[in-house]
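Student: Got a sequence here, can you model it:
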Amino acid sequence: MAFNNTILGPKRLDLMRQLLPGSTSIGYLDRSRDGFEADVQDLLEAARITGQKLVVFTANTARDIDIAFAAIVQQRLAGLLVSNDASLSARRDQIVALAARHAVPTVYGNREYVRAGGLLSYGAELNDAYRWTGVYTGRILKGEKPADLPVFQSTKYELVINLKTAKALGLTIPETLLATADEVIQ
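Tutor: Numbers count the residues shown, from 1 in each chain. Predicted coordinates for the structure are as follows:
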C-alpha cells in the first residue's frame, strides 16, 4: 500500500496558506527517521517558493512533542503541519490537545485527528485502502504470491474540516475550502 502522504505535504502547506493568508512562519512536526530527508526538503522548497518559512521539529517521544509545541509558541509560528506518520498518529490525542491549548491552527494528514478535535486534514481516503487490503488478502489466501501483486496506490484524497475547532481558534474557513471539503464537522 502506498498512500502518497509525503507528496501531499506541499498541498497541506497550501491549505495552511489559504487558512492563514499572509502568515509567513509555519511549523512542521515529523518523526526523525532515515530515508525521508528528501520529503522534508520538498516541503521546505514548497514553503520557500510561496514565501513562507518552515521550521522543522522532530518528535520521537511524547516529551519531544511537548518541547516542539513550547518552541512553536515561543517562536510565534502561525500554524503547524503534522506529518502523517504512524508514530505521531499514535500520539494524536496529545498533539490535538496541545494544538488546542496553545491555539495553534494545525493541518493533519488524516481525518482521525479532526475527529479528535483537530482543525483540518488532507490525506488519503483510508476506507478505500482498507477495502483493497481485504481484496489483496483474499487474493493471497487463494494462492497468489504477494510479490506478484501490484502496489496499491491511493488515488482518493479527502479534505475534512472541523468548524467547532475553527470557531475556538477564531478562524473563518474560506468558502472555497468549505465547498471542496469531503466532510465538515459542525
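Student: ranges for the helices of the protein?
Tutor: In the chain, the segments counted as helices under DSSP state H are 9-19, 37-49, 62-74, 86-89, 92-101, 111-115, 126-141, 163-169, 175-180.
Student: These: which one's closest to residue 155?
Tutor: Ranking the helices of the chain by proximity to residue 155 (CB to CB) places helix 126-141 first, at 8.1 Å. For every residue, glycine as well, the C-beta is placed using N, CA and C.
Student: starting at the chain centroid, how far to the closest one?
Tutor: 24 Å (CA atoms, centre = their mean, to the nearest Å).
Student: Keeping just the C-alphas, turn that helix into CSV.
Tutor: Provided in CSV are the C-alpha atoms of helix 126-141 (Å, rounded to 0.1, in the frame of the first residue of the first chain):
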residue,chain,number,x,y,z
LEU,A,126,-8.4,5.2,4.1
ASN,A,127,-11.7,3.3,3.6
ASP,A,128,-10.7,2.7,0.0
ALA,A,129,-7.3,1.4,1.2
TYR,A,130,-9.0,-0.9,3.8
ARG,A,131,-11.2,-2.3,1.1
TRP,A,132,-8.2,-3.0,-1.1
THR,A,133,-6.4,-4.6,1.8
GLY,A,134,-9.3,-7.1,2.0
VAL,A,135,-9.2,-7.7,-1.7
TYR,A,136,-5.5,-8.4,-1.6
THR,A,137,-5.8,-10.6,1.5
GLY,A,138,-8.4,-12.7,-0.4
ARG,A,139,-6.2,-13.0,-3.4
ILE,A,140,-3.3,-14.1,-1.3
LEU,A,141,-5.4,-16.6,0.6
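Student: what helices or strands is that helix leaning on?
Tutor: Using 3 or more CB pairs under 8 Å, 6 or more residues apart in numbering; DSSP states H and E as the contact test, no helix or strand touches helix 126-141.
Student: model confidence over that helix, on average?
Tutor: Helix 126-141 shows a mean pLDDT of 83.
Student: okay, the helices of the chain in CSV with mean neighbour count next?
Tutor: Listed next are the helices of the chain as CSV, based on neighbours: other CB atoms under 10 Å:
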stretch, mean neighbour count
helix 9-19, 20
helix 37-49, 15
helix 62-74, 15
helix 86-89, 14
helix 92-101, 18
helix 111-115, 21
helix 126-141, 12
helix 163-169, 16
helix 175-180, 11
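Student: And the ones you listed: which comes nearest residue 157?
Tutor: That would be helix 9-19 among the helices of the chain, by CB to CB, at 8.2 Å.
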